[in-house]
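> quick check, what structure comes out for this input:
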Amino acid sequence: MATARSHNATSEVIAYKEDRQPVQLVYDTWTPRPHFIAVQCVQQQDANATELQATYEMIGRFLSTYPKYDENAILSFHRGKWYQKHTGKWHAHLCVPKQPYLDEAKTKVVQFA
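Modelled structure (predicted):
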């Protein structure tokens, strides 16, 4: 199980994944905030058109399956850190209401001091 101190943790704490899809949703274990991170199953610098379309479709199915996250959900695409242009791996944040996220995350993400 991943811990909040492990920088490789996000790929280990999967929140939602569908068979044969190039993207998945993971919990943000690096800087815990009420959002999921959409990442490529095989991470790379950029996302192709198929991965972008799969992300939109997967987010729609996720929000339909888990309507507690749908209120005020925001999808934001990124290619790195906010202060460095085009660094890191492609990903997207799915910002969701805080309380449902925290209720779910506390059972899925294990933290060690």
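
> so what's the model's average confidence on the one helix or strand residue 37 maps to?
Applying DSSP states H and E as the criterion places residue 37 in strand 35-40. The pLDDT scores in strand 35-40 average 91.

> with stretch 105-113 instead?
Rounded mean pLDDT across stretch 105-113 is 67.

> again, but for stretch 56-76
For stretch 56-76, the mean pLDDT works out to 94.

> now do that stretch: distance to the chain's middle.
With C-alpha atoms, centre = their mean, to the nearest Å as the basis, stretch 56-76 stands 12 Å off its chain's centre.

> can you pull the buried residues of it?
58, 59, 62, 63, 69, 75 (16 or more other C-beta atoms under 10 Å). Using the backbone N, CA and C atoms, a C-beta is placed for each residue, glycine as well.

> please report phi then psi for the closest residue to the fourth one other than its chain neighbours.
Translated: residue 63. Distances taken as C-beta to C-beta, 6 or more residues apart in numbering place residue 70 nearest to residue 63, at 4.5 Å, with adjacent residues excluded. In terms of degrees, to the nearest 10, the main-chain angles of residue 70 are phi -70, psi -30.

> the one 4 residues further on too?
Per-residue torsions, residue 74: phi -130, psi 130 (degrees, to the nearest 10).

> gap between it and residue 100?
Going from residue 74 to residue 100 by C-beta to C-beta, to the nearest Å gives 15 Å.

> same check on residue 22?
Distance, residue 22 to residue 100, using C-beta to C-beta: 26 Å.

> all strands of the protein, in order?
Under the criterion DSSP state E, the chain contains strands at 14-17, 23-27, 35-40, 74-78, 91-95.

> reformat those as CSV; add distance to residue 46.
Shown next, in CSV, are the strands of the chain (distance: least, C-beta to C-beta, whole Å):
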stretch, distance to residue 46
strand 14-17, 21
strand 23-27, 13
strand 35-40, 9
strand 74-78, 11
strand 91-95, 11
